[in-house]
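>>> next come a sequence and a model predicted from it.
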Amino acid sequence: MEKKNNGKYFKYAIGEIVLVVIGILIALSINNWNTNRLNNQVEKMILNNLKKDPMLELDNLDSHKKMQNIWINSGIEILKNYDSNDGFLVDEKLLASMNDLMIRSAFLPIKPTYQTIENTGKIDLINNRNLKEEILIYYKNISWFSKNTTDNNTYLVDQLVNNKLIELTFFQTNSFSKEMREEWTVFDIKNYKLQKTNRFVEQIQKELNNLDKSLNLINVVSFRMFLANIQIDFAKKSESDTRNLIKSLEVELNK
């Protein structure tokens, strides 16, 4: 009888243990299911927000190209002035075009969502490995583009182009092309009294009658246009990458 009772108690204990284990496994399963469900919701939100930023980036890139085209067109006006007059004829249009080339703008990528998920580690919630890699490569490239633009502005436009242009032109507060004043309204302000005199314009004309000075101006203008064309090529490549990323995000969201 005692052996039978011990056997019953043993079976009962085993049964209790099995039930506890099953209960734990069910609880873990429910917890994992709930965690996965919440993670999927967060992933969906991340992907939706990631899609919004590149769509805004397209406008940002378009504005960047617009500025580069202003510098190219201003450079063309300067070179046309030389061709048309067999030398430079210093007038308001020429001075405005030369002053345009002294302005530069940075390119700041729009990436608040990416920065947030990168800093918080939530980028790992993106399950599609190929999409995650595409996102990482995209933001690495566009960040490089931003740094390249900043470096060009610092080392080439500021230190090289503008130094030479300051020597060869008469910078006036309101002496910019219509396109530049429309893009940057801060430039549409009055000239100072001293800037209204013709004495300095006449001096610039004398300077540019010198063949060496004319060659210096042609070289610096051509180089500034070259930099702008490179920036446009980079911006077009970034536009293509941006559209591809938007498509990839849409495909993932529609699954």
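In hand now; what should we look at? Residues are numbered from 1 along each chain as shown.
>>> report how many residues lie close to residue 236.
Around residue 236 there are 12 other residues, counting by other Cβ atoms under 10 Å. To be clear about C-beta, it is placed using only N, CA and C from the backbone, and glycine gets the same treatment.
>>> separation between it and residue 68?
For residue 236, the distance to residue 68 equals 11 Å [Cβ to Cβ, to the nearest Å].
>>> what ranges do the strands span in the protein?
Counting by DSSP state E, the chain forms no strands at all.
>>> any idea which residue sits dead centre in it?
With distances taken as Cα atoms, centre = their mean, residue 109 lies nearest the centre of the chain, 2.9 Å away.
>>> quick one: it and residue 140 touch, right?
No. Residue 109 lies out of contact with residue 140 (Cβ atoms under 8 Å); the separation is 10.9 Å.
>>> who touches both of these two?
Contact with both residue 109 and residue 140 is made by no residue, according to Cβ atoms under 8 Å, 6 or more residues apart in numbering.
>>> re earlier: gap between the residue nearest to the centre of the chain and residue 133?
Distance of residue 109 to residue 133, computed by Cβ to Cβ: 18 Å.
>>> how close does the residue nearest to the residue nearest to the centre of the chain when sequence neighbours are not counted sit to residue 249?
Closest residue to residue 109 apart from its sequence neighbours, by Cβ to Cβ, 6 or more residues apart in numbering: residue 142 at 4.6 Å. Distance of residue 142 to residue 249, given as Cβ to Cβ: 15 Å.
>>> same thing with residue 55?
The gap separating residue 55 from residue 249 is 10 Å, by Cβ to Cβ.
>>> contact partners for residue 209?
Contact analysis of residue 209 by Cβ under 8 Å, 6+ apart lists 87, 88.
>>> so the residue nearest to residue 109 touches residue 240, yeah?
No. The criterion here is Cβ under 8 Å, and residue 142 misses it with residue 240 at 11.7 Å.
>>> so these two - more neighbours on which side?
Using other Cβ under 10 Å, the more surrounded residue of residue 142 and residue 240 is residue 142, with 25 against 10.
>>> which residues touch that one?
So residue 142 contacts 57, 109, 111, 238, 241, 242 (Cβ under 8 Å, 6+ apart).
>>> which of those residues sit farthest apart?
Using Cβ to Cβ, the contacts of residue 142 reach their maximum pairwise distance at 111 and 241, which is 13.2 Å.
>>> if we can go back for a sec, of the contacts of residue 142, which belong to helices?
Using DSSP state H, the subset of the contacts of residue 142 located in helices is 57, 238, 241, 242.
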